[in-house]
Structure formats: structure tokens, C-alpha cells
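*Asks:* got a predicted model here, sequence first, then my questions.
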Amino acid sequence: MATVFTRIIEGDLPGRFVWRDDQCVAFLSINPLRDGHLLVVPRTEIDHWTDAPPEVLAHLTEVARVLGEALRDTYQATRVGMLIAGIEVPHLHIHVVPIDGMGDLDFANADPAPDPGRLDGVADAVRTTLRSMGRTEVSD
């Protein structure tokens, strides 16, 4: 059975995508820790990050780095956190979150019901920054 992330990637479930390439996608978390909370997900279902081929993991990390630059510029965050938890969905994904302190990475503070209009605005803002960086992988 396909994971929820595969269903999002295939368009069976909605997602606010900001990045698409041949190996991975990035979209907004539906329960964001902060505005700009993105998930970088390989197109191939890989359960645990330690099972990922090195070249896939390297690509995901590079995409997370580029997205982190965009988030830092968009939100003027002190830092951009990158986290692999791997508990909630059995499909490798990297959380990329603009943060100002460690408490910003506490999943107990995730928004359980974010405003859809606000999420649309966040996605648009990140896409705009990525385009200004000359990135062609931006996804609408």
C-alpha cells in the first residue's frame, strides 16, 4: 500500500508543493511547527533514512540546503533546522524549518489545524524566493 507521501506525490491527496525534480519533491507540512515548515521527500518509497542509497541521501540533503537558504531569506530566521524523525510516516522525509531556538522544533507545538489561506501564502512566498534565486525546480 502506498504511503501518504506517495499519494501526495502522485496527486491522489493534495499538497502544497514548492519543489519538484526527478528524485524528490518538497511540500508544506500539514501540521507546521512554524511558517515555512517543509518536507523533502524522495519519490521512491524508502522507509528509513539509513536504507537510502548514498546518492539519494546526498541529493535530499542538497535540496534541503537550497530550501533552507530560501526559508532563511523569506523568514529572516536565526537558523533553519533540518531534522529526520521518521516516526509518523514510513517514507523517508526531511523536515526543514525556519527557527529562532530549539523550542521551535518541538512537535508538541505543531499547528493541528493551520489556516489553508495562510498555507497558500507561505507556499507562494517560498516559491517566490526560490524563483528569485534562479531555481527552476519550483513547483506550483
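*Replies:* Sure thing, it's come through.

*Asks:* all strands of the protein, in order?
*Replies:* Taking DSSP state E to define them, one finds strands in the chain at 17-20, 24-28, 38-42, 79-83, 94-99.

*Asks:* check which helices and strands the last one is in contact with.
*Replies:* What it means is strand 94-99. The criterion is 3 or more C-beta pairs under 8 Å, 6 or more residues apart in numbering; DSSP states H and E, and the helices and strands that strand 94-99 contacts are strand 38-42, helix 54-75, strand 79-83. Bear in mind the C-beta positions are built from the backbone N, C-alpha and C, glycine included.

*Asks:* name every strand pairing with the last one and say which way it goes.
*Replies:* This points to strand 79-83. strand 94-99 (antiparallel) (DSSP bridges).

*Asks:* chain center to the strand it pairs with: distance?
*Replies:* On the basis of C-alpha atoms, centre = their mean, to the nearest Å, the separation between the geometric centre of strand 94-99 and that of its chain is 7 Å.

*Asks:* quick one on the thing from earlier: buried deepest among the strands of the chain, which one?
*Replies:* strand 38-42 (a mean of 26; mean count of other C-beta atoms under 10 Å).

*Asks:* and that strand, average pLDDT?
*Replies:* Averaging the model's pLDDT scores along strand 38-42 yields 98.

*Asks:* can you list contacts of that strand?
*Replies:* Outside of strand 38-42, the residues that reach it under the criterion C-beta atoms under 8 Å, 6 or more residues apart in numbering are 5, 8-9, 18-19, 23-29, 52, 56, 60, 63-64, 67, 71, 91-97, 126.

*Asks:* circling back: including distance to residue 136, could the strands of the chain go into TSV?
*Replies:* Rendered in TSV, the data for the strands of the chain read as follows (distance: least, C-beta to C-beta, whole Å):
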stretch	distance to residue 136
strand 17-20	10
strand 24-28	14
strand 38-42	17
strand 79-83	21
strand 94-99	19
